[in-house]
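In: A structural model of the following input is requested.
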Amino acid sequence: MASALAWGYLLLLHGQFWRTGQRLPDVAPDLAAWPDVVAVVPARNEADMLPVTLPSLLGQDYPGKLAVTLVDDGSTDGTGAVASGIAAADEAARVPVTVVAGRARPEGWAGKVWAMQQGLDATASAEGYVLFTDADIAWDPGALRSLVAAAESDDRALVSQMALLRAQTGWERIVVPAFVYFFFQLYPPRRVNDPRSRVAAGAGGCMLIRRSALEKAGGLTPVHGALIDDVALGTLLKRDGNRTWLGLTTEIRSVRPYPRLADLWHMIARSAYVQLRYSPFLLAGTILGLLFLYAAPPAGLLAGAIAAAWGAGSAAALAGSAGLAGLVLMTVSAVPMLRFYRLSVLRAPALPLVALLYAAMTADSARRHYSGRAVSWRGRQAGRI
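Out: Presented below is the predicted three-dimensional model:
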């Protein structure tokens with residue numbers, strides 16, 4: 001019964017996290033003056049991604065001035081040379097591209113945040129906005145125009161969109177929609193977008209930030225060690241009194257494939273315990289919470305059915321009804337995200353199994369931390385999970 005009541009609260013009172021309606025307008029309004037934008041792209045061993053993604057960034061239909069600064073973060077696969085070659089060949093874009101050779105990471109700085117900082121340093125004289133994006137992100141031509149229009153017309157210091165993640169292989173279709181679903185359960189976009197709420201977050205593949213607001217908040221130094229930089233940066237800006245916005249989009253896409261369960265497992269396990277601030281108490285609470293919310297309803301339904309078969313009467317009926325109610329509410333909550341990813345809604349009742357998979361990934365994240373296993377991402381050990 002308690003789990004069913006919890007699901008009633010989540011659906012009705014938890015910022016409508018399960019809805020997918022937080023999106024920018026399809027048509028961006030025209031502004032009297034379009035501010036300058038510098039896109040900063042941290043890139044480490046991304047030579048295979050850049051031929052797909054960098055031309056889409058250079059091809060933005062943006063009325064203002066756009067420049068791209070790519071930080072080659074110690075790559076060993078010729079990432080910098082590939083980026084320079086794409087920029088030289090793409091004369092039609094007429095977007096200046098600067099490739100910065102990354103410097104050694106100072107102690108205490110997370111690798112990606114240090115690359116972002118070097119991009120800021122290389123464009124210190126620029127005004128307007130900085131767009132932090134990843135090397136595996138592809139852009140529709142009008143995406144940047146929509147971002148800037150939203151920031152300017154609604155006075156948002158941060159406009160961030162969750163890039164559409166790839167969901168083509170069997171495991172991607174199982175894990176990826178749930179990844180976004182669980183992220184929004186932690187950080188409901190409606191609450192992120194509400195200036196009265198303390199909930200704050202961003203999505204690292206697409207963060208358009210007003211430079212003056214970032215400088216006022218102290219720049220990247222206050223979040224220099226953050227492995228989950230997008231949430232840390234969104235929190236920094238909102239706590240400094242800025243209006244922020246987070247939503248979904250199909251115009252900005254991650255093209256990085258995760259063909260195996262092991263690839264997806266590592267993507268999630270590398271940061272899950274970080275998100276819990278390395279706390280065994282938060283770890284225990286998270287796993288128990290996942291079991292309570294996602295495993296209890298089907299377990300109650302099954303227990304009620306078994307008890308009813310043995311003639312247990314009203315107690316069995318109550319347990320079965322509560323379990324069924326919880327399972328129905330949970331299933332309803334999963335449908336919008338599945339539709340957003342153009343997947344069959346018949347996958348929704350499997351959410352309890354996916355939640356158990358995520359619980360295992362979270363537990364493995366803690367195991368890696370306590371075993372002393374370092375995070376390895378894009379060919380670099382970034383510290384302990």
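In: quick one: the helices in the stretch 101-250 of the chain?
Out: 111-122, 143-153, 170-186, 189-192, 211-216, 229-239 (DSSP state H, counting those that start in this stretch).
In: so which of those comes closest to residue 274?
Out: Among these, the nearest to residue 274 by C-beta to C-beta is helix 229-239 (10.0 Å). Where C-beta positions appear, they are placed from N, C-alpha and C, glycine not excepted.
In: Could you list the residues in contact with the closest one?
Out: Residues lying outside helix 229-239 but in contact with it, judged by C-beta atoms under 8 Å, 6 or more residues apart in numbering, are 110, 112-113, 116, 132, 157-158, 160, 187, 192, 198, 200-204, 207, 209, 213-214, 217-218, 220, 222-223, 226, 244, 246, 275.
In: Domain ranges for this protein, per the record?
Out: Domain segmentation of the chain under automatic domain parsing yields 2-12+276-384, 19-259.
In: So which bits of stretch 290-309 are buried?
Out: Of all the residues in stretch 290-309, those buried under the rule 16 or more other C-beta atoms under 10 Å are 290-291, 293-301, 303-304, 307-308.
In: Just those residues: which are in strands?
Out: Using DSSP state E, no member of these falls within strands.
In: Can you name the two of the residues you listed that sit furthest apart?
Out: With distances taken as C-beta to C-beta, the most widely separated pair in the buried residues of stretch 290-309 is 290 and 308, at 27.2 Å.
In: Which stretches in the protein count as strands?
Out: Taking DSSP E to define them, one finds strands in the chain at 37-43, 66-72, 97-101, 129-133, 137-139, 158-164, 206-210, 244-254, 374-377, 380-384.
In: so where's the chain uncertain?
Out: Residues of the chain meeting the criterion pLDDT under 70: 91-93, 308, 310-317, 373-385.
In: Identify, by residue count, the longest helix of it.
Out: Longest helix in the chain by number of residues (criterion: DSSP state H): helix 314-340.
In: what packs against that helix?
Out: Contacts of helix 314-340 with other secondary structure elements, assessed using 3 or more C-beta pairs under 8 Å, 6 or more residues apart in numbering; DSSP states H and E, are made with helix 2-13, helix 170-186, helix 296-309, helix 351-370.
In: would you turn the ones you listed into a markdown table with distance to residue 120?
Out: Putting these into a markdown table (distance: least, C-beta to C-beta, whole Å) gives the following:
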| stretch | distance to residue 120 |
| --- | --- |
| helix 2-13 | 38 |
| helix 170-186 | 26 |
| helix 296-309 | 47 |
| helix 351-370 | 30 |
